[in-house]
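Novice: Sequence first, predicted model second:
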Amino acid sequence: MRNRYLDLLRAVAIVRVVLYHSTGWAALTVALPAMSVMFALAGSLMAASIDRSGPLAVERRLRRLLPSFWAMTVIAVPAMLLTGLAWDWKVLYWAFPLQDPPANGWGSMALAATWYLRDFLWFVLLSPLALPVFRRFPKTTVVIPYAALTVIVLGNLTVHPIVRDTALYGGAWLLGFAHHDGMLRRWNRRALVAAAGSLAAAGAAWIVTHPGPRGYDLNDIPLGNALWSAAFVLIALGFAPVATAARSGRLLTILNARALTIYLWHVPIIVAVTKLGEAHGLPTRGWDGISWRLVVIVSLVTVAVLLVGWVEDVAADRPPRLVPGRRPRNAPVSPALPPVARPAGVEVGRVSAAVEVGGVRR
């Protein structure tokens, strides 16, 4: 059963990501640590998939994730090879991004956001091993990524980006496990708020005393980002309502059904719009530059969703649709069933109650 609240969180997070990349406003990273929220939601869904399907959940998640990435790859990789990218076996990472795939000058900017797919892939692969450990030692398991990040930051250690990001976002993924298992909901509300408040205070103190090159942009302050994000996720998921069957609004349905397409294509579009604007002498900064660019960016992202968003439908075994959430015009209507004769002496209500079953797969 879908949880409309979680759908709303995901939709707001993806909109925030696009807005931040379009404007560069550091305050947005503090107001809504969107990447940690997205990893936490994905962790919750991954735990649910493992409970339903066991190890097959990995294959199903990869099947949902990779086709949209490949749709972008078949355009981006030939374009980079034609504009100076040297052929190397590492180009194969564009098929399965266990590491950052190689890119040339413009590609390294336009495709920079693919790190999220890399980290997501690793979290999915590790989840069948991590979930049983988490359920055996939940508190210790959640603390480990934050402790590792603290050691990396305080020790000024240079580590592989995958290790750094696992420490940075792994805690959020594990809090997603805790949400799925109902641990956050069962936690005493005062204790939950106290824990979130302590994490937020520690994160804020670190952020204020360790600003990055862009001020208080959390993307430049890993430890502050992790602590502040943990506080946000605890409150956002700890007070999340249980799943409901309420219908989502049309825009909410579209944003959730096309979240991956929006994420993958918005950065190349932002880079292209900004470069074209600069080439034609148009303002790209300040309110004037932000205003016209946002209009163009949203328009082009909408076009990308219409052109390639259907890949997400195919990956999810749904009928491909140009716009999600709209019933096909010629959708067949189920004919009314003939009335069933009721045997004498049998109460319909009791029969219905006996055969009714529940359970709707998410």
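Specialist: Received it, and whenever you're ready, just let me know what you need.
Novice: What helix or strand is the residue nearest to residue 316 when sequence neighbours are not counted located in?
Specialist: Of all residues not flanking residue 316 in the chain, residue 64 sits nearest, at 5.8 Å (CB to CB, 6 or more residues apart in numbering). In this view, the C-beta of every residue, glycine as well, is placed from N, C-alpha and C. Taking DSSP states H and E as the criterion, residue 64 maps to helix 56-82.
Novice: Contact partners for the residue nearest to residue 316?
Specialist: 312, 315-316 (CB atoms under 8 Å, 6 or more residues apart in numbering).
Novice: On the pLDDT front, check the residue nearest the centre of the chain for me.
Specialist: Nearest to the geometric centre of the chain sits residue 38, at 3.5 Å (CA atoms, centre = their mean). In this model, residue 38 is scored at 97, pLDDT.
Novice: circling back to that earlier point, now that we have the contacts of residue 64, which of them are buried?
Specialist: 312, 315 (16 or more other CB atoms under 10 Å).
Novice: Sort out for me which of the contacts of residue 64 are in helices.
Specialist: Judged by DSSP state H, helices contain the following of the contacts of residue 64: 312, 315.
Novice: would JSON lines of the contacts of residue 64 with pLDDT and distance to residue 82 be doable?
Specialist: What follows is the contacts of residue 64, written out as JSON lines (pLDDT from 0 to 100; distance: CB to CB, whole Å):
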{"residue": "312", "pLDDT": "96", "distance to residue 82": "28"}
{"residue": "315", "pLDDT": "94", "distance to residue 82": "28"}
{"residue": "316", "pLDDT": "91", "distance to residue 82": "32"}
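Novice: one step back: excluding chain neighbours, give the residue nearest to the residue nearest to the centre of the chain in space.
Specialist: residue 13 (5.2 Å).
Novice: Number of residues surrounding that neighbour?
Specialist: 23 (other CB atoms under 10 Å).
Novice: how far away is it from residue 88?
Specialist: For residue 13, the distance to residue 88 (CB to CB, to the nearest Å) stands at 34 Å.
Novice: for the helix or strand containing residue 150, the distance to its chain's centre please.
Specialist: Per DSSP H and E: residue 150 is located in helix 138-154. The chain centroid and the centroid of helix 138-154 are separated by 22 Å under CA atoms, centre = their mean, to the nearest Å.
Novice: got it, and stretch 19-38?
Specialist: For stretch 19-38, the distance to the chain centre is 13 Å (CA atoms, centre = their mean).
Novice: quick one on the thing from earlier: in the helix holding residue 150, which residues are buried?
Specialist: 141-142, 144-146, 148-150, 152-153.
Novice: same thing with stretch 107-120?
Specialist: 107, 109-111, 113-114, 116-120.
Novice: Please convert these to TSV, extending it with secondary structure, pLDDT and distance to residue 158.
Specialist: Shown next, in TSV, are the buried residues of stretch 107-120 (DSSP: H, G, I helix; E, B strand; the rest coil; pLDDT from 0 to 100; distance: CB to CB, whole Å):
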residue	secondary structure	pLDDT	distance to residue 158
107	helix	89	25
109	helix	90	23
110	helix	90	27
111	coil	91	24
113	helix	90	23
114	helix	92	22
116	helix	95	22
117	helix	94	23
118	helix	95	18
119	helix	96	18
120	helix	96	24
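Novice: Let me know the closest of those residues to residue 220.
Specialist: residue 113 (16.3 Å; CB to CB).
Novice: Pretty sure that closest one sits against residue 264.
Specialist: Yes. Using CB atoms under 8 Å, residue 113 is in contact with residue 264, at 7.3 Å.
Novice: in this structure, what secondary structure element scores lowest on mean pLDDT?
Specialist: Lowest mean confidence among the helices and strands of the chain (mean pLDDT, DSSP states H and E): helix 348-355, at a mean of 33.
Novice: Burial check on the residue nearest to residue 187 when sequence neighbours are not counted, number of neighbours?
Specialist: Spatially, and ignoring its direct neighbours in sequence, residue 187 is nearest to residue 238 (6.5 Å; CB to CB, 6+ apart). As a burial measure, residue 238 scores 21 neighbours (other CB under 10 Å).
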